[in-house]
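> next comes the sequence, and after it the predicted model I'd like to discuss.
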Amino acid sequence: MNKFLMPNEQNVSEKNKRIFEALKGKFGQVPNIFVAFTSSENGLENYFNYLTKDNSLNYREREVVNLVVSQVNQCAYCLSLHSAVAERLGFNKEQILDIRANNIQFSNSLKAIAALAHDIAFTKGYISGAVLLDFYEAGYDQGHLVDVVLAVGNITTLNLLYAITNVPIDFPHITL
């Protein structure tokens with residue numbers, strides 16, 4: 001089998017249908033990438049549980065991680081999805097491009113998060129001391145560091161699933 005067959009939303013388990021309702025509340029629809037997770041009976045639930053758990057990063061910080069890592073990984077789906085989310089969180093188009101380019105000038109704390117996330121994704125965790133020092137000097141601590149690592153892993157999971165499945169992009173398409 002060379003082509004990934006999208007599951008049919010109507011044929012997923014009751015557990016996944018409940019998660020679909022929560023996703024509709026969060027995104028206004030069930031993004032195709034989340035439908036793809038239902039190919040595994042527990043895949044969507046496992047992913048969704050992480051997505052909805054509290055951590056030390058706020059939503060804007062998480063979106064910075066999502067955009068930076070998706071750019072590093074060249075994931076058109078995730079860039080499209082997370083650009084739409086970032087706009088809803090108050091980032092303008094220019095700021096979103098700056099985030100993707102790891103060139104944030106509008107916030108020192110978000111600049112530190114972006115640099116750390118970029119280096120984690122790009123170097124597979126072998127970050128420079130200067131990036132880590134800037135992160136701590138921006139007011140973050142080791143708990144934040146762990147949560148950034150988890151957020152990088154989370155978005156990388158989506159990036160990989162898209163790269164393998166090439167599900168249709170169901171948000172305004174962002175070019176790489």
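Arrived safely.
> which pLDDT value belongs to the closest residue in space to residue 108 that isn't next to it in sequence?
Closest residue to residue 108 apart from its sequence neighbours, by CB to CB, 6 or more residues apart in numbering: residue 138 at 5.6 Å. (C-beta placed from N, C-alpha, C; glycine too.) For residue 138, the pLDDT comes out at 98.
> tell me how far residue 138 lies from residue 10.
47 Å (CB to CB, to the nearest Å).
> with residue 92 instead?
Relative to residue 10, residue 92 is positioned 38 Å away (CB to CB).
> more neighbours: the two, which one.
Remark: of residue 92 and residue 10, residue 92 carries more neighbours, 11 against 6, as counted by other CB atoms under 10 Å.
> now do the helices in this protein.
Using DSSP state H, the helices of the chain run over 14-27, 32-37, 43-52, 59-72, 76-88, 93-100, 108-123, 129-137, 142-165.
> burial of the nearest residue to residue 81 once chain neighbours are set aside, as a residue count?
Counting by CB to CB, 6+ apart, residue 81 lies nearest to residue 171, which is 5.1 Å off, once chain neighbours are set aside. When neighbours are counted by other CB under 10 Å, residue 171 registers 19.
> got the CA coordinates for stretch 60-72 in CSV?
What follows is the C-alpha trace of stretch 60-72 in CSV, where atoms were taken according to Å, rounded to 0.1, in the frame of the first residue of the first chain:
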residue,chain,number,x,y,z
ARG,A,60,1.2,32.0,22.2
GLU,A,61,4.5,30.4,23.3
ARG,A,62,3.3,27.0,22.1
GLU,A,63,2.3,28.4,18.7
VAL,A,64,5.8,30.0,18.4
VAL,A,65,7.3,26.5,18.9
ASN,A,66,4.8,25.0,16.4
LEU,A,67,5.6,27.5,13.7
VAL,A,68,9.4,27.4,14.2
VAL,A,69,9.7,23.6,14.2
SER,A,70,7.3,23.2,11.3
GLN,A,71,9.4,25.6,9.3
VAL,A,72,12.6,23.7,10.2
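> can you pull the buried residues of it?
60-72 (16 or more other CB atoms under 10 Å).
> got these as CSV, with pLDDT columns?
What follows is those, written out as CSV (pLDDT from 0 to 100):
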residue, pLDDT
60, 97
61, 98
62, 97
63, 97
64, 98
65, 98
66, 98
67, 98
68, 98
69, 98
70, 98
71, 98
72, 98
